[in-house]
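Asker: here are the coordinates; sequence isn't available:
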């Protein structure tokens, strides 16, 4: 980790090997990302949230090039240096892949099921593409400003839902459509159908540029909602639930996130990234 040199990866400055053993890390003054999102919801706009996603994607592209898998990509493991800069941290589960091994197989230990790709849950198999799935969940956390994925759902039920095609729903009416399309690609069941971090970062840069052009950076979510807009979300039973954007706006103040749902094909194109 001390060899990592990237603006959006927390720096390891040194290690104290005598008792008490200590790690000396770069200071991120604003603390852990999820807590920061929850505490400062009124201060965020779409541009800043997409910027966070793009910064993390660039960090993960760097790790991919170094042949490291992180294995625990979540908002709780990201630190905030300032309002416009975040850094990936907590490399406790990270592993370097060798030239002979394209994946790492974990033999024991507790794992973050609600963030994990199906091949990691079923076979404890971790690759850059399983990191892509986890990053998709982390992006969902960011766009929902700190909601917990599959909140209130038991881990065993999460596994069943993923196997049956259930995915986390549209984060809100304010979420750019292209970003939701990207989330769906990150959550492709087959790992080879997921984009690389290079593709993800390129896509997020494009979305970020669009958002900067289309909105004033001081326009917040409340000003971007349309009271009569309807969003269809497919439930597991394939029934359609109409949710008004006004309700979605209200839900941002609740602790309970929207329920996981089968992807609604009208909400995203499903086209591969190019």
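Answerer: It's in. Just so you know, these numbers come straight off a predicted model, no measurement behind them. Residues are numbered from 1 along each chain as shown.
Asker: where does the protein have low pLDDT?
Answerer: Scanning the chain for pLDDT under 70 picks out the ranges 1-2, 91-109, 216-274.
Asker: pull the longest helix from it.
Answerer: If you go by DSSP state H, the chain has its longest helix at helix 46-65.
Asker: centre of the chain to it, how far?
Answerer: 10 Å (C-alpha atoms, centre = their mean, to the nearest Å).
Asker: cool, and stretch 11-23?
Answerer: With C-alpha atoms, centre = their mean, you get 30 Å for stretch 11-23.
Asker: list the buried residues for that stretch?
Answerer: Neighbour counts over stretch 11-23 (16 or more other C-beta atoms under 10 Å) mark 11-12 as buried. The way it works is simple: take the backbone N, C-alpha and C, and place the C-beta from them, glycine included.
Asker: can you give me the strands in the chain?
Answerer: 12-16, 22-25, 68-69, 78-82, 85-88, 95-96, 104-105, 125-126, 230-234, 240-244 (DSSP state E).
Asker: how close does residue 125 get to residue 211?
Answerer: Residue 125 sits at a distance of 35 Å from residue 211 (criterion: C-beta to C-beta, to the nearest Å).
Asker: likewise residue 77?
Answerer: Taken as C-beta to C-beta, the span from residue 77 to residue 211 is 25 Å.
Asker: and for residue 4?
Answerer: 29 Å.
Asker: check residue 145 too.
Answerer: From residue 145 to residue 211 the distance is 16 Å (C-beta to C-beta).
Asker: do the same with residue 136
Answerer: 19 Å.
Asker: in terms of neighbours, single out the busier of residue 4 and residue 211.
Answerer: Neighbours were counted for residue 4 and for residue 211 using other C-beta atoms under 10 Å; residue 211 has more, 20 against 17.
Asker: list the contacts for that one?
Answerer: For residue 211, the contacting residues are 46-47, 50, 176, by C-beta atoms under 8 Å, 6 or more residues apart in numbering.
Asker: now those residues in CSV, with distance to residue 200?
Answerer: As requested, these are exported to CSV (distance: C-beta to C-beta, whole Å):
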residue, distance to residue 200
46, 18
47, 18
50, 12
176, 14
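Asker: of the residues you listed, closest to residue 73?
Answerer: The shortest approach to residue 73 among the contacts of residue 211 belongs to residue 50, at 17.0 Å (C-beta to C-beta).
Asker: tally of neighbours for the nearest residue to residue 53 once chain neighbours are set aside?
Answerer: Excluding its sequence neighbours, the residue lying closest to residue 53 (C-beta to C-beta, 6 or more residues apart in numbering) is residue 139, at 4.9 Å. Residue 139: 29 surrounding residues under other C-beta under 10 Å.
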